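Participant: I'd like to go over a predicted model; first the sequence, then the structure.
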Amino acid sequence: MGSELEAPVAFGAAQAYLKSIEPAFAQLEEAVRRRNSGGKDSITQNPGEIAPVVTGIAFAIELFLKVLQIQELGDAQKGHDLLPLWKPLSAATRARIETRYEAALAAWVQKGGLPFVSIVTNGTNSTFSPAPSATCAAALERLGKAFEKWRYSYELMRSGGGMLYFNFAEANAVVSAVREEILNYPGNVVVSMKRNTPETGT
């Protein structure tokens, strides 16, 4: 991706990905709550029921970060890894996002949103249940390769062992924080939610 892709177009694509997975996310959240009291860790041997949701969210975050790069730097890097897309942003932009991330994470936890999901392919129990990352930078480091890992989750299944993990609390907070920064970015490249895409509840 480069500057030939306009920021509003990339923003609209990210919003569309989030909108498209809303039904699947709602089904997943309900399944987790039925399976586990209080919506705790969902342990399953079928990544197919989760992978489309995870990859959709991860790709939306990637596009949002690339929009910010276009807004701030005039161009966007290639690649799916999220942390390298975060690091070139200015200290001021990252600081604003960190403030928004903290507020969004607290709101998600308060409303009881789906915390995290893990897939264990070599057993039926898991004690892997870390809290969401305290900072956006830490969340992006942990979520960084989610798109690639979950897109090829069938390979993990075929190998017969391992774990896939995705923290929905921190992913939602990243989406909210970065999207708000885009919509309120103080530079010359303006992106409008109303002009480019319908509102989404994700």
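Facilitator: Everything's here; your move.
Participant: and the helix ranked longest in the chain, which residues are buried?
Facilitator: Secondary structure of the chain per DSSP state H: the longest helix is helix 51-73. Buried residues in helix 51-73, defined by neighbour count with 16 or more other C-beta atoms under 10 Å: 51-72. For glycine as for every other residue, the C-beta is placed from the backbone atoms N, C-alpha and C.
Participant: in which helix or strand does residue 166 reside?
Facilitator: Residue 166 is part of strand 163-167, with elements assigned from DSSP states H and E.
Participant: meant to ask about residue 102
Facilitator: Per DSSP H and E: helix 91-111 holds residue 102.
Participant: from the middle of its chain, how far away would that helix be?
Facilitator: 14 Å (C-alpha atoms, centre = their mean, to the nearest Å).
Participant: what does stretch 185-193 give?
Facilitator: Counting by C-alpha atoms, centre = their mean, stretch 185-193 comes out at 21 Å from the chain centroid.
Participant: who touches it?
Facilitator: Residues outside stretch 185-193 that contact it (C-beta atoms under 8 Å, 6 or more residues apart in numbering): 7-8, 11, 15, 67-68, 70-72, 93, 182-183, 199.
Participant: ok, which pair from the residues you listed is furthest apart?
Facilitator: 72 and 199 (24.3 Å; C-beta to C-beta).
Participant: what is the longest helix of the chain packed up against?
Facilitator: Here helix 51-73 touches helix 7-20, helix 22-35, helix 82-86, helix 136-143, helix 146-151, helix 168-183, going by 3 or more C-beta pairs under 8 Å, 6 or more residues apart in numbering; DSSP states H and E.
Participant: now do the longest one: which elements does it pack against?
Facilitator: Using 3+ C-beta pairs under 8 Å, 6+ apart as the contact criterion, the elements in contact with helix 168-183 are helix 7-20, helix 51-73, helix 91-111, strand 116-120, helix 136-143.
Participant: and the residue lying closest to residue 61 once chain neighbours are set aside, how far is that from residue 107?
Facilitator: With sequence-adjacent residues excluded and distances taken as C-beta to C-beta, 6 or more residues apart in numbering, residue 61 is closest to residue 174, at 5.6 Å. From residue 174 across to residue 107, the span is 13 Å (C-beta to C-beta, to the nearest Å).
Participant: more neighbours: these two, which one.
Facilitator: For residue 174 versus residue 107, neighbours defined as other C-beta atoms under 10 Å are more numerous around residue 174 (30 against 13).
Participant: these two touch, right, the more buried one and residue 140?
Facilitator: Yes: the criterion here is C-beta atoms under 8 Å, and residue 174 meets it with residue 140 at 6.6 Å.
Participant: point out where the protein drops to low pLDDT.
Facilitator: Within the chain, the stretches with pLDDT under 70 are 1-5, 31-48, 116-130, 156-157, 159-163, 192-202.
Participant: try 80
Facilitator: Across the chain, the ranges flagged by pLDDT under 80 are 1-6, 27-50, 112-131, 153-165, 187-202.
Participant: residue contacts, the closest residue to residue 20 other than its chain neighbours?
Facilitator: For residue 20, ignoring the flanking residues on the chain, the nearest one in space by C-beta to C-beta, 6+ apart is residue 56 at 6.5 Å. Applying C-beta under 8 Å, 6+ apart to residue 56 gives the contacts 17, 18, 20, 21, 24.
Participant: since that was my last question, I'll sign off now.
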